[in-house]
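Asks: sequence and predicted structure, then a few things I'm wondering about:
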Amino acid sequence: MKAGMMQVVHEKGGSMMANEDPASGDLNLGIVLRALSDENRRAVIAELAVDSADPERTCNSFKLSVSKQTQTHHFRTLSDAGLIHYVDYGNRKGISLRRAEIDRRFPGLLQMLVAEFEQPE
């Protein structure tokens, strides 16, 4: 099992791998800013932040114009920074925004990211 991952077993017998999310107080500003330094990663967070229902999405649901390996790197970076919850179901990966933790630790951050991508070019 990879470091930072835990295996979750469902009552129906299936299992999945989920990342161990840092507590909101453990979200480090430097690590978060480093994760958000890439435009593709900011776009993912902004796209997730727009939907207040915070549904779980798959990696493939984002329109990123990068290779699959680079997408994986971006999602892992966001997960390691504590910005998203990342679950590996085996045949797909689920991603959801850690909105409450981000808003608690960095109020206004999500609104700034959404505003960046809503501006006309």
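Replies: That came through fine. Residues are numbered from 1 along each chain as shown.
Asks: quick one: list the elements packing against the host helix or strand of L113.
Replies: Per DSSP states H and E, L113 falls inside helix 109-118. Identification of packing neighbours for helix 109-118 by 3 or more C-beta pairs under 8 Å, 6 or more residues apart in numbering; DSSP states H and E yields helix 39-50, helix 99-105. For the C-beta atoms, the positions are set from N, CA and C on the backbone; glycine is no exception.
Asks: hmm, try it at 10 Å
Replies: If you count contacts as 3 or more C-beta pairs under 10 Å, 6 or more residues apart in numbering; DSSP states H and E, helix 109-118 packs onto helix 29-35, helix 39-50, helix 99-105.
Asks: what angle sits between the longest one and helix 109-118?
Replies: Angle of helix 39-50 versus helix 109-118, following axes from the mean of the first three to the mean of the last three C-alpha atoms, to 10 degrees, is 110 degrees.
Asks: can you pull the buried residues of helix 39-50?
Replies: N40, R41, R42, A43, V44, I45, A46, E47, L48, A49 (16 or more other C-beta atoms under 10 Å).
Asks: that one: what's the following helix or strand?
Replies: Assignment by DSSP H and E places the next element after helix 39-50 at strand 57-58.
Asks: the helix or strand following that following strand - contacts with which helices or strands?
Replies: Going down the chain from strand 57-58, the next helix or strand is helix 68-80, by DSSP H and E. Helix 68-80 sits against strand 15-19, helix 29-35, helix 39-50, strand 84-88, strand 93-97, with contacts defined as 3+ C-beta pairs under 10 Å, 6+ apart.
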